[in-house]
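Participant: Kindly generate the corresponding structure for this input.
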Amino acid sequence: MAEVKLRALGLREVAFGDDDRYLTVLTEDGRKVEILCKNARRGKKQNPAARQFCYSAFVLSERGGRYTLREADAVHSFFALAQDIERYALACYLAEVAAALTTPDEDNPAVCRLLLHALYALEGKKRAPALVKAAFEWRVMAESGYAPDLSCCAVCGQVIEQPPVCFSVRAGTAADEKCAHRVGGYARLADAALRALVHVLTCEISKTYAFALTGPAEGQFGRMAEDYVQYHLGRGFESLRFYQTVLLPPETARRNKPPAL
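Facilitator: This is a model prediction of the structure:
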């Protein structure tokens, strides 16, 4: 049985048997790994470093591609997010997207860095959650092989020298206004939304969330990002539905609450 040392962020916990827990983590090199934490649900055996939203240094036993926890020491915990239901729900969604885009066999360190910076931004409360969400969605898709192409008009092939620029979520491409009108399926990007998108796609990962956006441009930037993820991955996310429920006004949430059985 080999010993493995790695740093990773806890993404998801699943109870197993009476006392054990499986912890899905995202390693610093961007691999998704499942760890069996034996007796982790017994009071005296619980290790807070081997939990969801804790970035930790792990010592594991590995046999046949299966990992069992030996030790875990916290590097940084994001447990404070649980005190804010909106930010916690959003963190769960970002973690689910990261899990969907990673595998045990392929390295993609950008995903781990993006998620950690997003959690720091949510924890610090210096960035609007909606902008953190959209910026993460755009950039993580780009880093995972689904980058939108804004380099030129996808219809005529010419460089779009100046706004307006139109964008198709389904095609993942840009078009000038004339071509977009001719072929359909493109929506005109607000100038501020375009600038934000270019920033998010081209900046250093550490600066992904360092921008501001307000008004209709913010709404368009966020809606397109969410649609882009779901369309190109061909799936929805349970955690996204929960996050959207959290954002509902109280009266709407009460009306939509299922009846007691």
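Participant: center of this structure - which residue?
Facilitator: With distances taken as CA atoms, centre = their mean, residue 94 lies nearest the centre of the chain, 2.9 Å away.
Participant: Would you map the strands across this structure?
Facilitator: Remark: strands assigned in the chain by DSSP state E are 2-16, 20-27, 32-37, 54-63, 66-77, 149-153, 165-168, 173-176, 187-188.
Participant: will you turn these into JSON lines that also has distance to residue 46?
Facilitator: The C-beta positions use only the backbone N, C-alpha and C, and glycine is treated the same way. Shown next, in JSON lines, are those (distance: least, CB to CB, whole Å):
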{"stretch": "strand 2-16", "distance to residue 46": "11"}
{"stretch": "strand 20-27", "distance to residue 46": "9"}
{"stretch": "strand 32-37", "distance to residue 46": "9"}
{"stretch": "strand 54-63", "distance to residue 46": "12"}
{"stretch": "strand 66-77", "distance to residue 46": "11"}
{"stretch": "strand 149-153", "distance to residue 46": "47"}
{"stretch": "strand 165-168", "distance to residue 46": "47"}
{"stretch": "strand 173-176", "distance to residue 46": "49"}
{"stretch": "strand 187-188", "distance to residue 46": "49"}
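Participant: doesn't residue 49 make contact with residue 56?
Facilitator: Yes - counting by CB atoms under 8 Å, residue 56 touches residue 49, with 4.3 Å between them.
Participant: Which neighbours do the two have in common?
Facilitator: Common neighbours of residue 56 and residue 49 (criterion: CB atoms under 8 Å, 6 or more residues apart in numbering): 72-74.
Participant: Show the buried residues in those.
Facilitator: For the shared contacts of residue 56 and residue 49, a burial check counting by 16 or more other CB atoms under 10 Å picks out residue 72.
Participant: would you turn the shared contacts of residue 56 and residue 49 into JSON lines with pLDDT and distance to residue 60?
Facilitator: What follows is those, written out as JSON lines (pLDDT from 0 to 100; distance: CB to CB, whole Å):
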{"residue": "72", "pLDDT": "96", "distance to residue 60": "9"}
{"residue": "73", "pLDDT": "97", "distance to residue 60": "13"}
{"residue": "74", "pLDDT": "97", "distance to residue 60": "16"}
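Participant: between the shared contacts of residue 56 and residue 49, which is closest to residue 1?
Facilitator: Residue 1 has its nearest neighbour among those in residue 72, at 17.5 Å by CB to CB.
Participant: show me the contacts for that closest one.
Facilitator: Counting by CB under 8 Å, 6+ apart, residue 72 makes contact with 47, 49-50, 56-59.
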